[in-house]
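# Predicted model follows, preceded by the sequence.
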Amino acid sequence: MTVAGLRPGSARSVAVLGAGSWGTTFAKILADAAIAAGDERQIRVWGRRPEVVEQINTIHRNIQYLKDIALPESITASTDVEEVLAGADLVVLAVPAQSLRLQLREWKPLIDPQATVVSLMKGLELDTDARMSEVISQELGIPADRIAVVSGPNLAMEIAREEPTASVVACTDPEAAGWIARTCTAPYFRPYTTADVVGVEIGGIVKNVIALAVGICEGKQMGDNTKASVITRGLAETSRLALALGGEAQTMAGLAGLGDLVATCSSPLSRNHTAGRLLGQGLTLDEVAQKMTQTAEGIKSGQAVHELAGKLGVEMPITAAVVAVLAGKLSVDQLGPLLLARELKPEGDY
């Protein structure tokens, strides 16, 4: 299937909506990929905060989110979303998951009807239980073969420092997935492709909740056995939900499943791991929010994941326990015994 309006190589003009750590880092990937390929490419970033936009344009830094990381001069930024979207054949969305729908309603008239849209977001919408690709399709009215998802072990600061990283581009159209992959192949960033959008998104969503659980364990000074057990059984929970929604088991064993889960559950750079650790140390949700400068999506999406699992009859005891802690129905001291609370059965029996 031919991607409408796009040449075979890579994107000519890219709009990145969201100037947080991952949005800015992905803009850097796109710029470095263009430099490596000898392509001319415009990369414009939309940000809400004028001071962040000014830094990107003048000193080529995003100090709040990426500290002293230098950004390519081919990246420009603006608070004017119409200016950023003008002529973009690739639109990258990197905003908080729970605000996406309302923002897309505002942005729809400004997005080229033939543009391909990429989601960097790892969240499940509250109330609707919709994945981000579903929200994009519903609000922009574009077909699934022009919506892609990028996921994997994507700790922004490590990638911004150009530490080698592999990732996954998921799209139902293999040609579109390959086109996007070529556009974001940088010397330090290696994308693979897949058609399993469902599995890739579910892997990115549930791992945030599992990372909260692992962080709580760390905050409670539980050992590596406990954390490894939660990570492994968390992968089993993620796999059960993905398979129930039509995702593929192979995806769960790959970069967007196991890879993303291990990175998010293990790294102090992970927002969800950090939020969980602070909860385990006794801080309240409000206190955690005050200490963190970025959104921990697992806190927002956990309830939606729990509700979706209930509708599908999928057992997710770790998720249920974390959601109970977040809702104030369970203390972090009571969490431990519930993390592995499932009837005895063979390990491979999902």
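Thanks, I have the structure now. Model, not experiment: these values are computed from the prediction.

# tell me which residues in stretch 30-37 are buried?
Going by neighbour count (16 or more other Cβ atoms under 10 Å), the buried part of stretch 30-37 is 30-34. C-beta here means a position set from N, CA and C on the backbone, and glycine is covered the same way.

# And stretch 114-130, by the same measure?
Buried residues in stretch 114-130, defined by neighbour count with 16+ other Cβ under 10 Å: 115-125, 129-130.

# would you turn these into a markdown table with secondary structure and distance to residue 66?
Shown next, in a markdown table, are these (DSSP: H, G, I helix; E, B strand; the rest coil; distance: Cβ to Cβ, whole Å):
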| residue | secondary structure | distance to residue 66 |
| --- | --- | --- |
| 115 | coil | 26 |
| 116 | strand | 26 |
| 117 | strand | 24 |
| 118 | strand | 20 |
| 119 | strand | 21 |
| 120 | coil | 15 |
| 121 | coil | 18 |
| 122 | coil | 19 |
| 123 | coil | 21 |
| 124 | strand | 27 |
| 125 | coil | 27 |
| 129 | coil | 32 |
| 130 | coil | 30 |
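
# Report the two members of the residues you listed separated by the largest distance.
The span of the buried residues of stretch 114-130, defined through Cβ to Cβ, is set by 115 and 129 at 26.5 Å.

# Low-confidence bits of the stretch 201-350 of the chain, can you list those?
In the predicted model, the stretch 201-350 of the chain carries pLDDT under 70 at residues 340-345, 347-350.

# Just the closest of the buried residues of stretch 114-130 to residue 167, please.
residue 120 (10.3 Å).

# Pretty sure that closest one sits against residue 26.
Yes. Using Cβ atoms under 8 Å, residue 120 is in contact with residue 26, at 6.0 Å.

# just to revisit the earlier point, would you mind giving the buried residues of stretch 114-130 as TSV with distance to residue 308 and pLDDT added?
Below are those laid out as TSV (distance: Cβ to Cβ, whole Å; pLDDT from 0 to 100):
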residue	distance to residue 308	pLDDT
115	29	94
116	27	96
117	23	97
118	23	98
119	18	98
120	21	98
121	16	95
122	15	92
123	12	91
124	7	93
125	10	93
129	4	93
130	10	95
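
# Which single one of the residues you listed is nearest to residue 290?
Residue 290 lies nearest to residue 123 out of these, by Cβ to Cβ, at 21.1 Å.

# what's the spacing between that closest one and residue 221?
With distances taken as Cβ to Cβ, to the nearest Å, residue 123 is found 29 Å from residue 221.

# again with residue 337
Taking Cβ to Cβ, one finds residue 337 at 16 Å from residue 221.

# Would you confirm that residue 331 contacts residue 321?
No. Using Cβ under 8 Å, residue 331 makes no contact with residue 321, being 11.1 Å away.

# Neighbour count: the two, which is higher?
Counted by other Cβ atoms under 10 Å, residue 331 and residue 321 do not tie: residue 321 has more neighbours, with 26 against 10.

# now the closest residue to the more buried one other than its chain neighbours: how far from residue 197?
Of all residues not flanking residue 321 in the chain, residue 338 sits nearest, at 4.0 Å (Cβ to Cβ, 6 or more residues apart in numbering). From residue 338 over to residue 197 the distance is 32 Å, taken as Cβ to Cβ.

# More neighbours: those two, which one.
Between residue 338 and residue 197, counting by other Cβ under 10 Å, residue 197 is the more crowded of the two (24 against 17).

# That one touches residue 149, doesn't it?
Yes. Residue 197 is in contact with residue 149 according to Cβ under 8 Å; the separation is 5.7 Å.

# Need the residues touching each of these two.
Common contact partners of residue 197 and residue 149 (Cβ atoms under 8 Å, 6 or more residues apart in numbering): 133, 170-171.

# Residue 139: which element?
helix 132-140 (DSSP states H and E).

# got the contact list for that helix?
Helix 132-140 is contacted by residues 93, 97, 100-101, 104-105, 108, 111, 117, 119, 121-123, 125, 128, 130, 142-144, 147, 149, 197, 201 when judged by Cβ under 8 Å, 6+ apart.

# ok, now with 6 Å
Contact partners of helix 132-140, identified using Cβ atoms under 6 Å, 6 or more residues apart in numbering, comprise 100-101, 104-105, 108, 117, 119, 121, 125, 147, 149, 197.

# ok, which pair from the residues you listed is furthest apart?
Every pair of these checked by Cβ to Cβ; the farthest is 105 and 197, at 22.3 Å.

# Go through the buried residues of stretch 114-130 and name the one nearest residue 299.
Nearest to residue 299 out of those is residue 123 (Cβ to Cβ; 10.2 Å).
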